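Colleague: Got a sequence here, can you model it:
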Amino acid sequence: MTTGPSAGASPLSPTTASRVDERNALAGLNDRLIAYIERVRKLESDNSALCRNLQEREESSVREAKAVQELYERELTSLRKLVDELAGEKAALQIETTKLKADFEDSEKRFSFLYC
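Modeller: Numbers count the residues shown, from 1 in each chain. Got it, this is the predicted structure:
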């Protein structure tokens, strides 16, 4: 690959060879830059997809947690109501028991003279 009138003397002059080397070096650097940019774009795309996936999972977890929380709150409310009802029944039974004991003691006092 020789050019010009001095084609037989020298294949490439030192200046031309230096420019060809620079051009080849720049082409190599250009290729590396293109590969780097493509890699960055791919990583950004992957990162974006991972962020969406993470956000979807977080939203799903929040929805599930809220559903479980609501379920437990309803159950807790129901159980509190039941405890209140049972406490009322217990109080009523304690009052009735106290009355029955008092009635029994009265009856026992009234009829104790029969058994002495």
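Colleague: Assign the spatially most central residue of the chain to helix, strand or coil.
Modeller: Nearest to the centroid of the C-alpha atoms of the chain, with distances taken as CA atoms, centre = their mean, sits Glu58, at 3.6 Å. Put simply, Glu58 is helix when judged by DSSP: H, G, I helix; E, B strand; the rest coil.
Colleague: Which pLDDT does the model give it?
Modeller: pLDDT recorded at Glu58 is 97.
Colleague: who are the neighbours in contact with it?
Modeller: Residues counted as contacts of Glu58 (CB atoms under 8 Å, 6 or more residues apart in numbering): none. All C-beta spots, glycine's among them, are computed from the backbone N, C-alpha and C.
Colleague: Check the spacing between it and Ala65 real quick.
Modeller: Going from Glu58 to Ala65 by CB to CB, to the nearest Å gives 10 Å.
Colleague: how close does the residue nearest to the centre of the chain sit to Ser45?
Modeller: For Glu58, the distance to Ser45 equals 20 Å [CB to CB].
Colleague: now Ala27
Modeller: Distance from Ala27 to Ser45, counting by CB to CB: 27 Å.
Colleague: Then Asn53?
Modeller: For Asn53, the distance to Ser45 equals 13 Å [CB to CB].
Colleague: How about Gly88?
Modeller: 64 Å.
Colleague: same check, this time on Asp103
Modeller: 86 Å.
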